[in-house]
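Asker: Predicted coordinates and the sequence they were generated for:
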Amino acid sequence: MLDINLIRNNPDLVLSDLKKRNDTEKLLWIDDILTLDKEWRTLKSKTDELRHRRNKVALEIGILKKEGKDASEKIKEAAEIPKKIEKMEKEMNAKREKIDYYLKRLPNILHDSVPVGDENSPIKVVGEKPQFDFEPKSHIDLAENLDIGDFERAAKIAGARFFFLKGKLTVLDFALQYYAMEFMIKRGYEPIYPPYMMNRKAYEGVTDLRDFEDVMYKIEGEDLYLIATSEHPLTAMYLDEILNPKDLPKKCCGISACFRKEAGTHGRETKGFFRVHQFNKIEQIVICKPEESWEYHEELLKNATDLFETLELHFRVVNICTGDIGTVAAKKYDIETWMPVQNEYREVVSCSNCTDYQARRLNMRYRTKEGNKFVHTLNSTCIATTRALVAILENFQNADGSITMPKVLRKYTGFEKIEKE
RNA sequence: GCCGGGGUAGCCGAGCCAGGUAAGGCGAUAGACUCGAGAUCUAUUGUUCUCUGAACACAUGGGUUCGAAUCCCAUCCCCGGCGCCA
């Protein structure tokens, strides 16, 4: 959410940002907000005056009664006031609701370095494409031939985009999680298991509202949603709190399953691990002072690139453009690993600085000499196991259909290879 | 799920029975004292606004009343006991 003061005092900045995003609809909102805000403030001062009068008269009544004098004249006056206030408040609330509707839907202000347009700009490449002297198989074929994954039976009992992991692939999924958690602990991040469900209030604090339809599973009859990522509970954790500056930055890594509807992606990657309704993810979170957030954004990216480098995967880092960045982030990097079968780079990590956008919606502040200020929130994938599994299966496959384990994972898997048994 | 007790500021906590301006302590910040620190003393320390002033705020939402932290109703959460339970 944007600061209403920013729109009052510097509407041009907000407008130029929306132009960068080519969001012509929301451009028109700003004038509307400014008008509504002005009207709302006028009403606010009028109702404040009425309340002042009511408070004053009520106090006078108390004094008169204590002195044993007649207060009926004052009581008559005071009894009239609440009706007037109520009428004005209705008008105010209608305006407030409209303002909030707009405010909640306006996107974050972008960082200057975000590329304008529809082209993400690559900023780094690590490693090289693996060379195969045979025709590489898709991870789906590899998993089915090795009998370490079952998509058909998962579809039978749960639907498309679900899967069973079996045998050594189950172990590999676990190994990835444990390796990533240990990696983050060594770098000073606290591991945290969050609740897998969250209520709407907390959810609206962390997410783009469109996500409710696109990604969220709702529990029927309850105010609960299955989490789409541990970023959500970990960021919402300090909802309505004022943090001690001594406790900042909060650096942690979330460990959880993630649940996503993947609405609007029918027909795309319906089989396999790439786009699924449920997967495991280790997530990095930083909650910090505003002046530190750009530094931590680079730190989160470095953690993720270092991790993927140790997994011996070839990847590139891209700076996400205004056309793809979404509502919440001020700047976002993706890591895309090379997928030899698809013959393209595909997203495995998303690393965002949300500045104070989530903090304002969550009312999450820290104490300073000049008063309470909103914190900045950042998040980045450390490893999403299913996408990493796709990359590992396809990049580490051998001519006989077996999979060699990346060296750093062998300590955790207990085996060097997955082969037909 | 049942019974009982609770939810007040960054934290602790009085006020609630009996409606009439939100005590006090800790912590934090500033100043005094000090070479400096500590101790001590003084001031400030919920939010917002069109800021010499005002409004709002005692878990959340309603209600009663001229006036609600206080009385009534509903909901959420916490603690204790009982029950159930992987």
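Answerer: Everything's here; your move.
Asker: residues near the residue in the stretch 101-250 of chain A that RNA strand B sits nearest to, how many?
Answerer: Among all residues of the stretch 101-250 of chain A, residue A:242 sits closest to RNA strand B, at 4.1 Å; criterion: C-beta to the nearest atom of the strand. (Each C-beta comes from the backbone N, C-alpha and C, glycine too.) A count of nearby residues for residue A:242, using other C-beta atoms under 10 Å, gives 13.
Asker: just residue A:269 next, same as before
Answerer: Counted with other C-beta under 10 Å, residues neighbouring residue A:269 total 16.
Asker: I'd say it and residue A:275 touch.
Answerer: Yes - taking C-beta atoms under 8 Å as the definition, residue A:269 is a contact partner of residue A:275 at 4.3 Å.
Asker: what sits up against the worst-scoring helix or strand of chain A on mean pLDDT?
Answerer: The least trusted helix or strand in chain A, going by mean pLDDT, DSSP states H and E, turns out to be helix A:211-214, with a mean of 81. The set of residues external to helix A:211-214 that reach it, using C-beta atoms under 8 Å, 6 or more residues apart in numbering, is A:203, A:225, A:228, A:261, A:262, A:263, A:264.
Asker: Which helix or strand lies directly C-terminal to it?
Answerer: Per DSSP states H and E, the first helix or strand lying C-terminal to helix A:211-214 is strand A:217-218.
Asker: I'd like the next helix or strand past that next one.
Answerer: On the C-terminal side of strand A:217-218, the closest following helix or strand by DSSP H and E is strand A:225-226.
Asker: Now do the buried residues in the longest helix along chain A.
Answerer: Longest helix in chain A, counting residues (DSSP state H): helix A:29-66. Of all the residues in helix A:29-66, those buried under the rule 16 or more other C-beta atoms under 10 Å are A:29-30, A:33, A:36-37, A:40, A:43, A:47, A:50, A:54, A:57, A:61, A:64.
Asker: so the helix or strand just after it versus helix A:29-66, what angle?
Answerer: With elements assigned by DSSP H and E, the helix or strand that comes after helix A:29-66 is helix A:72-105. For helix A:72-105 against helix A:29-66, the angle by axes from the mean of the first three to the mean of the last three C-alpha atoms, to 10 degrees is 160 degrees.
Asker: What pairs with the helix or strand just after helix A:72-105, parallel or antiparallel?
Answerer: Downstream of helix A:72-105, the next assigned helix or strand under DSSP H and E is strand A:121-126. Strand pairing for strand A:121-126, using DSSP bridges, gives strand A:315-319 (antiparallel).
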